[in-house]
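Asks: only geometry, no sequence info:
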């Protein structure tokens, strides 16, 4: 199992070249998806902003409920149903 130094250098060169080729391939793949990744990144940033400012989110929800009570009630019912489904799925996989 002892490899000679030249074999090790040769193998290292092959691996370095393979890694370079894989980086180029991944970069080409990601360049085509930059808009999707940007949109996902902005969505995560907005969610973090809302979580950090829970009071602002509560005020907006209350204002929406006052202006459109029936629509707000429908959203609450849908949200509750989604919460129950997510909870059931998370318990199934826990």
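Replies: Received it, and whenever you're ready, just let me know what you need. As the structure is a prediction and not an experimental result, all values here were calculated from the model. Numbering: from 1, shown residues only.
Asks: Got the confidence number for the residue positioned nearest the centre of the chain?
Replies: The chain has residue 40 as the residue nearest its centroid, 6.5 Å off, counting by C-alpha atoms, centre = their mean. For residue 40, the pLDDT comes out at 88.
Asks: ok, now the one 3 residues further on?
Replies: According to the prediction, residue 43 has pLDDT 91.
Asks: Give the burial count for it, as a bare number.
Replies: For residue 43, the neighbour count with other C-beta atoms under 10 Å is 10. (Each C-beta comes from the backbone N, C-alpha and C, glycine too.)
Asks: Please apply the same query to residue 64.
Replies: Neighbours around residue 64, by other C-beta under 10 Å: 13.
Asks: from here on, count from 45
Replies: Done: numbering now begins at 45, and the last item shifts to residue 108.
Asks: for the helix or strand hosting residue 103, packing partners?
Replies: Per DSSP states H and E: residue 103 is located in helix 98-111. Counting contacts by 3 or more C-beta pairs under 8 Å, 6 or more residues apart in numbering; DSSP states H and E, helix 98-111 packs against helix 113-137.
Asks: helices and strands around the helix it packs on, which ones?
Replies: Partner elements for helix 113-137 (3+ C-beta pairs under 8 Å, 6+ apart): helix 98-111.
Asks: Buried residues in the helix it packs on, which are they?
Replies: By neighbour count with 16 or more other C-beta atoms under 10 Å, helix 98-111 contains no buried residues.
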